[in-house]
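Peer 1: quick one, fold the following:
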Amino acid sequence: QVQLVESGGGLVQEGGSLRLSCVASGRTIRIYAMGWFRQAPGKEREFVAGMHWSGSLKYADSVKGRFTISRDNAKNTVYLQMNSLKPEDTAVYYCAAGASINIATSAAYDYWGQGTQVTVSS
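Peer 2: Sure, this is the predicted structure:
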């Protein structure tokens, strides 16, 4: 099993920045991809950013140029740097891990974190 723990969420003003972290533990040898998804109230969960260890990177169009996904192998941690935040970025952000190359689809991930709330005020 793999456990994922997110942190770094909070309340920020429009235009501000936050960095989310996701620490993986357990059988991390099974992980070849990690991603971030978000779910706003009354909406479906949507893809935000993902990376595969092969080098593939993908971002949702709504966050391109503002968000950056990265990882620290030594710490088994993936980050989501979020800049120029907008009120529409308000959501619970979830970290996910798996092995599939289809990093933009939630079905490709086997493990999920508990989520961290991000609230952007206008």
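Peer 1: check contacts around the residue nearest the centre of the chain.
Peer 2: When CA atoms, centre = their mean is applied to the chain, the residue found nearest the centroid is Trp36 (2.1 Å). With contact set as CB atoms under 8 Å, 6 or more residues apart in numbering, Trp36 has these partners: 20, 22, 48-50, 69, 78, 80, 93-96. Heads up, the C-betas are built off the backbone N, CA and C, glycines and all.
Peer 1: one more time with 6 Å, if that's ok
Peer 2: For Trp36, the contacting residues are 48-49, 80, 93, by CB atoms under 6 Å, 6 or more residues apart in numbering.
Peer 1: report the beta-bridge partners for the closest residue to Arg71 other than its chain neighbours.
Peer 2: Using CB to CB, 6 or more residues apart in numbering and skipping residues adjacent in sequence, the residue nearest Arg71 is Val78, 4.6 Å away. Beta-bridge pairing of Val78 under DSSP bridges involves Cys22, Arg71.
Peer 1: strands along the protein, start to end?
Peer 2: Counting by DSSP state E, one finds strands in the chain at the ranges 2-7, 10-13, 18-26, 33-39, 46-52, 57-59, 67-72, 77-82, 91-98, 109-112, 116-121.
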